[in-house]
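> Pasted the sequence and its predicted model underneath.
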Amino acid sequence: MNIETLTLGSLATNCYIVWEPDGGTGRKKNGCLLVDCAGSSARILSIIDRQGLDLDLIVNTHGHTDHIDALPELKAATGAKIAIHELDAPMLSDPSLSGATTFGCSQTNVSPDVLLREGDSVKIPGTDVALLVLHTPGHSPGSICLLGDGVLFSGDCLFAGGIGRVDLPGGDERSMMNSLARLAQLNPRIVVYPGHGLETTIGAELATNPWFSAR
């Protein structure tokens, strides 16, 4: 699995281009999926093009404005399908729910193509390699993590040395603690790709993250 990290937008949101080097048999370009999409679409599209990829799927870990604001441009440019947990789907068409209104951001509404639920699998386009959807509410009602072979895209649930906020609309501290307790049961060697900040591992966070270890 190839993963390229882009840190974009005013809140330094991590976006991840994910693809398999042997995927896309019979296609001129391998397909890829994108985890979250902050800032302008131009940087994302330039990297995807540089890698010789086609963007087929955009998976949003949740519906806050800093993780979705490039969706309309990317959808228009590529036709990629948009996937998000069903509980956060209303955020894509309501700036008061996404936080765009609160943070003074503009929002062009879009509709999801795929509504995700706990236990769903998201395949890397053109392959049988799948990421498992873990419903991990707390930061938002429909926050998800994506679990693959040795990797976890944690969105704004778990960070290196921290956790996501629970004081935004739809946040819930008890739900967050339950979600962290679930992640704490994962293999400590799993590499965590968070929504903000540096990569880490489950083991490192268990050892050093006061919120995670005190779940």
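Cool, the structure landed.
> Centroid-nearest residue for the chain?
residue 61 (3.4 Å; Cα atoms, centre = their mean).
> State the helix or strand in which it lies.
For residue 61, there is no host helix or strand (DSSP states H and E).
> Contact partners for it?
35-36, 67, 143-146, 153-157, 195 (Cβ atoms under 8 Å, 6 or more residues apart in numbering). To be clear about C-beta, it is placed using only N, CA and C from the backbone, and glycine gets the same treatment.
> Next: residue 111.
Contacts of residue 111 (Cβ under 8 Å, 6+ apart): 82, 92, 93.
> among these, which ones are buried?
Applying 16 or more other Cβ atoms under 10 Å to the contacts of residue 111, the neighbour count classes 82, 92 as buried.
> Okay, and which of the contacts of residue 111 map to strands?
residue 82 (DSSP state E).
> and of the contacts of residue 111, the nearest to residue 202?
residue 82 (28.4 Å; Cβ to Cβ).
> in this structure, which segments are predicted with low confidence?
23-28, 100, 104, 213-215 (pLDDT under 70).
> where exactly do the helices run in it?
Here the chain has its helices, by DSSP state H, at 41-50, 65-68, 71-78, 95-98, 173-183, 202-208, 210-213.
> elements contacting the third one?
Spelled out, it's helix 71-78. The contact analysis (3 or more Cβ pairs under 8 Å, 6 or more residues apart in numbering; DSSP states H and E) places helix 71-78 against helix 41-50, strand 53-59.
> can you rerun that using 6 Å?
On a contact count with 3 or more Cβ pairs under 6 Å, 6 or more residues apart in numbering; DSSP states H and E, helix 71-78 meets no helix or strand.
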